[in-house]
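Novice: Sharing a model that was predicted from the sequence below.
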Amino acid sequence: MNWKIFVLLLGFGVLTSCGGGPKADAKKVCNCGKEIISMLNSNASEKDIEAKWDECSKLHNDLEAKYKDDADKLKEFDEAGKECSKELDAEMDAAVEKWQKENNKEN
């Protein structure tokens, strides 16, 4: 699962903020990431976390594809995602560490 967390953090480099359009869509992806953090903090099963990860990845890919033909909107979506990534990085790291400790997983 460790590589998935790394990929998740990279994926959040293309995620959230507020407002309408691309920013609102990025916020949906960011909120999905927050749900993963919540699941980690609640010691959810690896299977459930991976299922949520897959759901968030699909959401991200679908929303990113929505803007593929509009460079300005894609840039707005990406920039909003970078803001989310900044907000969630430390929280995600702490949640992963806590989950791994509770489940005797190695980094």
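Specialist: Now that the structure is in, tell me what you want to look at. Numbering: from 1, shown residues only.
Novice: Which helix or which strand is home to the most centrally placed residue in the chain?
Specialist: With the centre of the chain defined as its mean C-alpha position, the nearest residue by CA atoms, centre = their mean is residue 33, 3.5 Å away. Using DSSP states H and E, residue 33 sits within helix 22-41.
Novice: The residue nearest to the centre of the chain and residue 88 touch, don't they?
Specialist: Yes - because the distance of 5.7 Å satisfies CB atoms under 8 Å, residue 33 is recorded as touching residue 88. Glycine gets a C-beta too; all of them are placed from N, C-alpha and C.
Novice: mind listing what's buried in the host helix or strand of residue 77?
Specialist: Element membership for residue 77 (DSSP H and E) is helix 71-102. For helix 71-102, burial by neighbour count (16 or more other CB atoms under 10 Å) applies to 73-74, 76-85, 87-88, 92, 95-96, 99-100.
Novice: on that earlier part again, which other helices and strands does the helix holding residue 33 contact?
Specialist: helix 46-66, helix 71-102 (3 or more CB pairs under 8 Å, 6 or more residues apart in numbering; DSSP states H and E).
Novice: As TSV, the ones you listed with distance to residue 39 and mean pLDDT would be great.
Specialist: Formatted as TSV, those follow (distance: least, CB to CB, whole Å; pLDDT from 0 to 100):
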stretch	distance to residue 39	mean pLDDT
helix 46-66	5	94
helix 71-102	8	91
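Novice: just so I know, which of those lies nearest residue 37?
Specialist: helix 71-102 (4.6 Å; CB to CB).
Novice: Residue 98 touches residue 40, doesn't it?
Specialist: Yes - contact criterion CB under 8 Å: residue 98 and residue 40 qualify, at 6.8 Å.
Novice: re earlier: distance from the chain centre to the helix holding residue 33, please.
Specialist: 6 Å (CA atoms, centre = their mean, to the nearest Å).
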